[in-house]
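Trainee: Give me coordinates for this.
(chains A and B)
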2 protein chains.
Amino acid sequence: MTYRAPVRDLAFTLQAVAGIDRLAATGAFPDYDAELMGAVLEAAGQFSEEVLEPLNRVGDRHGATCVDGNVATAPGFADAYRQFAAGGWTGLSAPAHAGGQQLPKALELAAYETVHSANMAFGLCPMLSLAAIEALEAFGTKAQKATYLTRLVSGEWTGAMVLTEPQAGSDLGALTATATPNSDGSYSLTGQKIFITWGDHDATDNIVHMVLARLPDAPPGPKGISLFLASKYLVSPDGSLGARNAFRPVSVEHKLGIHGSPTCVMAYEGATAELVGRPNEGLSHMFVMMNAARLAVGVEGVAIAERAFQHALAYARERVQGRSVWTGAAAPIVDHPDVRRTLSVMKAKIAAARAICLSTGVAADLARHAPDETERKFWKGREDLFTPIAKAWSTDVGVEVASMGVQVHGGMGFIEETGAAQYYRDARIAPIYEGTNGIQAMDLVGRKLSQDGGEAARALIADMKVTLTELPRLYVGKPVERMANAIEAVEDATLWLLDAKADPARAADVLAAADAYLKLVGDVAGGWMLARGALWARAELDAGQGDPGWLEGKIALYEVYAANVLGHVSSRLAAVGQGGALLERMTVEVLAG
Amino acid sequence: MTYRAPVRDLAFTLQAVAGIDRLAATGAFPDYDAELMGAVLEAAGQFSEEVLEPLNRVGDRHGATCVDGNVATAPGFADAYRQFAAGGWTGLSAPAHAGGQQLPKALELAAYETVHSANMAFGLCPMLSLAAIEALEAFGTKAQKATYLTRLVSGEWTGAMVLTEPQAGSDLGALTATATPNSDGSYSLTGQKIFITWGDHDATDNIVHMVLARLPDAPPGPKGISLFLASKYLVSPDGSLGARNAFRPVSVEHKLGIHGSPTCVMAYEGATAELVGRPNEGLSHMFVMMNAARLAVGVEGVAIAERAFQHALAYARERVQGRSVWTGAAAPIVDHPDVRRTLSVMKAKIAAARAICLSTGVAADLARHAPDETERKFWKGREDLFTPIAKAWSTDVGVEVASMGVQVHGGMGFIEETGAAQYYRDARIAPIYEGTNGIQAMDLVGRKLSQDGGEAARALIADMKVTLTELPRLYVGKPVERMANAIEAVEDATLWLLDAKADPARAADVLAAADAYLKLVGDVAGGWMLARGALWARAELDAGQGDPGWLEGKIALYEVYAANVLGHVSSRLAAVGQGGALLERMTVEVLAG
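Mentor: Presented below is the predicted three-dimensional model:
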């Protein structure tokens, strides 16, 4: 089994669902057009298939090792990274002034889907550089941009996000690393950090750490955190590398999956650092990186699901057991309805998650670059609303589809050599990092839903209703009814939550509803996007364009989704309304009883 | 974190939900009473906690090794097995005439839940002996019983089920191993078998293989398979061990989980074997073992979920992050609503799965031992209907809850040393072996549902409706409505399926519905059982008996389940009706497109 990049589906999703063509009109992407999009996706897919995929099992088996304060990555990883940087893949969306190609974020996300599919452990390295690029572009000084940003964009160096401490995970306000000012304007950074992805490695000469720490006079809690930059080697004014900085990896974690990605425990012992942005505003600066990273993690969920799906489909086409209910002949298991259903649902969920992520990417691009302020505000609202959904819903799909992929293989799925088990292990991290999916749900109901008085949610519902009016062109009966019910459920739940949010005494009700609300909006938004894809396919068919079988497949795919996923809305709605009081009755004593 | 056997919950489920007290009246279990039940569960729990749990990580890390045709188990496993046998745990439900304690199967299942929780890889060894005991008790000759059955019951030897071949997994009819008659009445067994759990090990002097193979003149397909017994060492008439038989383990698999359980590739090279039961009826004989094994695997699902839940709860009680929405104080994460909800749903699903499995166990006991033929038939119908549900629904819960357990731990959940990841890996096998969950669903809709014209399903629905009439004693509004809707959904789906079953042209519709129907009945039966537990708890409270906080917890638990699980029924119902034609449109080309 080798991975084949789904270039056609990526392009379809970007155009038919995410509406990437709007970006051409913004003028912000001078080189962008549909042809370039196709070329970028083709080339990314080819690199992922040919260079990164062959290293996937190698990374899983070898992992990374930490000896004497240096991490060695799995065989082939360092060289692959250098090829990746040489190919320009680290600077796709970065601004031209920093040496980037200034292409849409959405296109970069689509290209990176193939990277994560081919080798999720590898993909984390450039993904975290992109986050550092975002932060330096937004908050770096001119000098910081000249020294660090350009080298991150070129891929000469990589970036790392350095947040978590043993006592400070979801609650970053509890972190205690300190930064003491030195007489030369630099800072001395001290503390221990954990879960630092690609915190050290042997693929580049230098590594740029973006570190959260406290100034000596900082207020306690989240408002006393600042963002610092510390690089593995000190950098002279001419850009040449000097002495090794006073930080090092202490160990790499022994993890369930993504073994090829070194997850470091890092010790900072008076490391030389620079302040990035404003003192005590580090957490909000970090959220600039984090939002981009959250969306990128959503894409990882899509990617690992796609990989698991392809693996399972290939097995189901080869493995002959029993006879077909349709033809009566000895049949590969893909011809058994329950296996066909499983694969169809996998495909439908992947398509929905991909559509959600890439639509969020286009929204992010438009939020920055739409010519009109009102439009930018609209798309910023859409981006904010969808970012937690893209992260959480898609990574849940990653785990679920990877598990279904194991199941399609039967007993072979449980044997490590088959490969399906690795996706099940790798996928499991994505709902956890960059803010657990529970944190995403709280962000959605606690902040994103109500920050504009519910305007973005209402706009989304209105857009869904427009699609609903168009669905009878394609379907009669159930597929239309299900979308109507689904939209109604989103509307009911949204009103319920906005009401509850307005009453501080109902804070626990809101939090008890968070997970179900996120899943509800994700389920329905995914269906809405597949429906729009189906409508586009119908229009192509009517115009006599494209591959008819493939386009008909888009029409069937929405029906599969409507029958197997949209029905969940009533259960999500029930869980939205369960209330905090019920959970209070589930005391620790009852749980432990 | 150490495991604590949930003895009180097990006893509650056996009595309040599964109705184990009916068994006392049958006379088939002379030593059984409620007091003995409590003593057995206490002692089993203690053994599991003290002897088996400490070996769980050892087994995961060391696995088993195969050198020169002999498997060595992980350190401590062989000794623990001998203690297990010496304690009488291998003969709990076996008949007294074979040296067993002749206790109810349901009690044995409950006791074994603690074994599987403490060490799932270990538990497979005695679990497979139980299956061999079932088959020999049903089909063995007097001599076979005297030689083999008694030693399996005492635990002196262990048993293995030897079915799968590389080309014959779900489709056992495709197997090709052969058994040639010898002049002395024995057979020579030749072939290669895979996925043989505990097929070889160093814990006992001998191992009894129950092997499916073909006689020379056998018809092709499933009707030409016979059941044979071959033991690792040949047994003299006086019971002493002779030469090593001509079969051996070739290798052990490198698996995702249950590393402590040796999964062997076995080669039979003219091994001496005996026929068990009638020629060419091996598959139906094997199903006697398999049905018991399927229920036992369901209990494994409960067990691994319970273990994952306990681990997650312990972490959630210790890990302090942020502040409580209820008290405003710095709080352990169990006091955050989303974590409390997660743990509550985990607990509710475990309780439902446990109730389904133990109720199926009591039904199996009554199907054999109820004094009255009509009653036996009723309980046989219930056992048959519930066996695939117990297996599939509970093992899905195992995977889901283990995954939720990882999630509760946040980043620590992904680190192997934490332990949560092992449950996620171990749990994944249970939906696969002893018939994949897809096979269970096909068995349910293809055979169990309609074999009696739907009578067992109608009886179940009638029983549920009785409970529904009692629910208003406890709840008003939603918790009652949800059960009413749920029962209606089961009724609708059952009628739809019985209709579809009656029309051979709709075979694909039935198979397309199978998975959703199994999940639907499982969801609703689980809720029905929790509701009965809540009613029992109410009665205890009203009578001033028992621990009030714990009993109130049972009442809240049904509400959690009703809000978070029962709502799924409309989605299950939608998927039941999706139809085979839609799946036909999802051609291989569309899937691969």
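Trainee: Let's verify residue A:89: helix, strand, or coil?
Mentor: Under DSSP: H, G, I helix; E, B strand; the rest coil, the three-state class of residue A:89 is coil.
Trainee: ok, it touching residue A:45?
Mentor: No. Counting by Cβ atoms under 8 Å, residue A:89 does not reach residue A:45; the two are 11.8 Å apart. (C-beta placed from N, C-alpha, C; glycine too.)
Trainee: Enumerate every residue touching the residue nearest to residue A:329 when sequence neighbours are not counted.
Mentor: Using Cβ to Cβ, 6 or more residues apart in numbering or on different chains and skipping residues adjacent in sequence, the residue nearest residue A:329 is residue A:323, 6.3 Å away. Residue A:323 makes contact with A:329-331, according to Cβ atoms under 8 Å, 6 or more residues apart in numbering or on different chains.
Trainee: which residues are contacting the one helix or strand in chain A whose mean pLDDT sits lowest?
Mentor: One helix or strand of chain A scores below all others by mean pLDDT, DSSP states H and E: helix A:569-576, with a mean of 90. Residues outside helix A:569-576 that contact it (Cβ under 8 Å, 6+ apart): A:485-486, A:489-490, A:492-493, A:496-497, A:513, A:515-517, A:519-520, A:523-524, B:478, B:482, B:562-571.
Trainee: Buried residues in the following helix or strand past that helix, which are they?
Mentor: Following helix A:569-576 in sequence order, the next helix or strand is helix A:580-585 (DSSP states H and E). By neighbour count with 16 or more other Cβ atoms under 10 Å in any protein chain shown, helix A:580-585 contains the buried residues A:580, A:582-583, A:585.
Trainee: Just the mean pLDDT for stretch A:407-421, thanks.
Mentor: Mean per-residue pLDDT for stretch A:407-421: 98.
Trainee: gap between stretch A:571-585 and the chain center?
Mentor: Its chain's C-alpha centre and that of stretch A:571-585 lie 28 Å apart, by Cα atoms, centre = their mean, to the nearest Å.
Trainee: Extract the C-alpha trace of it and format it as PDB.
Mentor: C-alpha atoms of stretch A:571-585 as PDB (Å, rounded to 0.1, in the frame of the first residue of the first chain):
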ATOM      1  CA  SER A 571     -28.800  13.300  20.200                       C
ATOM      2  CA  ARG A 572     -26.500  16.300  20.200                       C
ATOM      3  CA  LEU A 573     -29.400  18.500  20.900                       C
ATOM      4  CA  ALA A 574     -30.400  16.400  23.900                       C
ATOM      5  CA  ALA A 575     -26.900  16.500  25.200                       C
ATOM      6  CA  VAL A 576     -26.700  20.300  24.700                       C
ATOM      7  CA  GLY A 577     -29.600  20.700  27.100                       C
ATOM      8  CA  GLN A 578     -28.500  18.200  29.800                       C
ATOM      9  CA  GLY A 579     -27.600  21.000  32.200                       C
ATOM     10  CA  GLY A 580     -24.900  21.500  34.800                       C
ATOM     11  CA  ALA A 581     -27.200  20.400  37.700                       C
ATOM     12  CA  LEU A 582     -27.200  16.800  36.400                       C
ATOM     13  CA  LEU A 583     -23.500  16.800  36.300                       C
ATOM     14  CA  GLU A 584     -23.400  18.200  39.900                       C
ATOM     15  CA  ARG A 585     -25.400  15.200  41.000                       C
END
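Trainee: Kindly list the longest strand within chain A.
Mentor: strand A:263-276 (DSSP state E).
Trainee: got the buried residues for that strand?
Mentor: A:263-268, A:271-276.
Trainee: Now do the same for residue A:158: its pLDDT.
Mentor: For residue A:158, the model assigns a pLDDT of 98.
Trainee: Could you report the neighbour count for it?
Mentor: 24 (other Cβ atoms under 10 Å in any protein chain shown).
Trainee: residue boundaries of the strands in the stretch 251-400 of chain A?
Mentor: A:263-276, A:320-323, A:330-332 (DSSP state E, counting those that start in this stretch).
Trainee: Residue A:471: what's its closest spatial neighbour, skipping adjacent residues?
Mentor: In space, residue A:471 is closest to residue A:480, 4.9 Å off (Cβ to Cβ, 6+ apart).
Trainee: got a list of what the closest residue to residue A:444 other than its chain neighbours touches?
Mentor: Take residue A:444 and drop its neighbours on the chain: the residue closest to it by Cβ to Cβ, 6+ apart is residue A:388, 4.3 Å away. Contact partners of residue A:388, counting by Cβ under 8 Å, 6+ apart, are A:294, A:440-441, A:443-444, A:448, A:518.
Trainee: Next step: the contacts of helix A:569-576 restricted to strands.
Mentor: Per DSSP E, these never map to strands.
Trainee: ok, of the residues you listed, which come out buried?
Mentor: A:485-486, A:489-490, A:493, A:496-497, A:513, A:515-517, A:519-520, A:523-524, B:478, B:482, B:562-571.
Trainee: Output the below-cut-off pLDDT ranges for chain A.
Mentor: A:1 (pLDDT under 70).
Trainee: what residues go with each domain of it?
Mentor: With domains defined by automatic domain parsing, chain A comprises A:7-154, A:159-280, A:438-593.
Trainee: Reformat the ones you listed as CSV; add distance to residue B:24.
Mentor: Supplementary listing: the domains of chain A in CSV, determined by distance: least, Cβ to Cβ, whole Å:
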stretch, distance to residue B:24
domain A:7-154, 54
domain A:159-280, 46
domain A:438-593, 27
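Trainee: Show me where the stretch 201-350 of chain A has its helices.
Mentor: With DSSP state H, counting those that start in this stretch as the criterion, the stretch 201-350 of chain A has helices at A:282-318, A:337-369.
Trainee: Could you list the residues of the stretch 251-400 of chain A in contact with chain B?
Mentor: A:253-257, A:313, A:317, A:320-322, A:325-326, A:333-334, A:336-344, A:347, A:399 (Cβ under 8 Å from any Cβ of the partner chain).
Trainee: Could I have the buried ones of those residues as PyMOL selection syntax?
Mentor: In PyMOL, a selection of the buried entries from these looks like this (16+ other Cβ under 10 Å):
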select buried, chain A and resi 253+255+256+257+313+317+321+325+326+333+334+336+337+338+339+340+341+342+343+344+347+399
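Trainee: Give me the contacts around stretch A:438-455.
Mentor: With contacts defined as Cβ under 8 Å, 6+ apart, stretch A:438-455 is touched by A:170, A:294, A:381, A:384-385, A:387-389, A:391-392, A:435, A:456-457, A:494, A:497-498, A:501, A:510-511, A:513-515, A:517-518, A:521, B:336, B:338-339, B:342, B:407.
Trainee: can we see that at 7 Å?
Mentor: A:170, A:381, A:384-385, A:388-389, A:391-392, A:457, A:494, A:497-498, A:501, A:510-511, A:513-515, A:517-518, B:338-339 (Cβ atoms under 7 Å, 6 or more residues apart in numbering or on different chains).
Trainee: Where helices are concerned, which of these count?
Mentor: With helices taken from DSSP state H, the overlap with the contacts of stretch A:438-455 comprises A:381, A:384-385, A:388-389, A:391-392, A:457, A:494, A:497-498, A:501, A:510-511, A:513-515, A:517-518, B:338-339.
Trainee: Number of residues surrounding the closest residue to chain B within the stretch 101-250 of chain A?
Mentor: Residue nearest to chain B within the stretch 101-250 of chain A (Cβ to the nearest Cβ): residue A:171, separated by 4.0 Å. Close neighbours of residue A:171, defined as other Cβ under 10 Å, add up to 18.
Trainee: Nearest residue to it in space, please, no chain neighbours.
Mentor: residue B:321 is the one closest to residue A:171 (Cβ to Cβ, 6+ apart), at 4.0 Å.
Trainee: hang on, isn't that neighbour packed against residue A:169?
Mentor: Yes. Taking Cβ atoms under 7 Å as the definition, residue B:321 is a contact partner of residue A:169 at 6.3 Å.
Trainee: can I assume residue A:272 is in contact with residue A:186?
Mentor: Yes. Contact criterion Cβ under 7 Å: residue A:272 and residue A:186 qualify, at 5.3 Å.
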